[in-house]
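*Asks:* Provided below for reference: sequence and predicted model.
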Amino acid sequence: EPEVTQTPSHQVTQMGQEVILRCVPISNHLYFYWYRQILGQKVEFLVSFYNNEISEKSEIFDDQFSVERPDGSNFTLKIRSTKLEDSAMYFCASSYAGGANGDTEAFFGQGTRLTVV
Amino acid sequence: AQKVTQAQTEISVVEKEDVTLDCVYETRDTTYYLFWYKQPPSGELVFLIRRNSFDEQNEISGRYSWNFQKSTSSFNFTITASQVVDSAVYFCALSEAQNRDDKIIFGKGTRLHILP
């Protein structure tokens, strides 16, 4: 069964460093997402991406964050200068069609646990 | 605006007891989707169910069952004859069809402890 894969599963970085989280969405999917879950809290929507541009972003997704689809398969989340409060589990997801465009759903990856020290 | 409320922060039950996790949602959309996810200690999100707003039939899958009531905007989840392996955080979630994408809004989760 096709799945969303994320690498690495766990990343430790020093405060102030840039970090890139990688995701390989399901191959025929068109919509891509990043979610964040701070330890012990709920899963929060960060951003959605369609047709090589951001479709929607939350207030959490500030200028420190960026997303990119550098080739036909990867979808990345970059945090420019990490802060301690960026420590969280980051989930990537993908879906074939969005919202009113079709009765589809998003599939989640296993998550990348980011620890900022 | 869409919102999901899981009023139960934490529940503990003894193994083999039945337990119901509550979920109340808010949406202005007439077409929407409701979800339940399980998050075990390992951290991944395990998809349990997706329900279309037009399908109010209750669903049963093994020991799991879901009660969808549009009149009260609730989508409750019951585990029958609970087992220790059911211990996890359970998230209820909502997606609106009017969104351009399949963005999902999660509740805060209910941490379920099944005691042996």
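*Replies:* In hand now; what should we look at?

*Asks:* on contacts alone, who are the packing partners of the helix or strand hosting residue A:91?
*Replies:* Residue A:91 is part of strand A:88-95, with elements assigned from DSSP states H and E. Strand A:88-95 sits against strand A:5-7, strand A:19-24, strand A:31-37, strand A:75-79, strand A:107-108, strand A:112-116, with contacts defined as 3 or more CB pairs under 8 Å, 6 or more residues apart in numbering or on different chains; DSSP states H and E. The C-beta positions use only the backbone N, C-alpha and C, and glycine is treated the same way.

*Asks:* got the angle between that strand and strand A:75-79?
*Replies:* 150 degrees (axes from the mean of the first three to the mean of the last three CA atoms, to 10 degrees).

*Asks:* chain center to strand A:88-95: distance?
*Replies:* 4 Å (CA atoms, centre = their mean, to the nearest Å).

*Asks:* Please write out the alpha-carbon positions of it in CSV.
*Replies:* Taking C-alpha atoms only, strand A:88-95 is exported to CSV below (Å, rounded to 0.1, in the frame of the first residue of the first chain):
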residue,chain,number,x,y,z
ALA,A,88,8.1,19.1,18.1
MET,A,89,6.9,16.2,16.0
TYR,A,90,6.4,17.3,12.4
PHE,A,91,4.0,15.3,10.3
CYS,A,92,3.8,15.4,6.5
ALA,A,93,0.6,14.4,4.7
SER,A,94,-0.6,14.2,1.2
SER,A,95,-3.9,13.9,-0.6
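
*Asks:* and it, what's its mean pLDDT?
*Replies:* If you average the pLDDT over strand A:88-95, you get 95.

*Asks:* Can you tell me what sits against that strand?
*Replies:* For strand A:88-95, contacts defined as CB atoms under 8 Å, 6 or more residues apart in numbering or on different chains pick out A:4, A:6, A:21, A:23, A:25-26, A:29-39, A:43, A:75, A:77, A:104-109, A:111-114, B:43, B:45, B:101-102, B:104.
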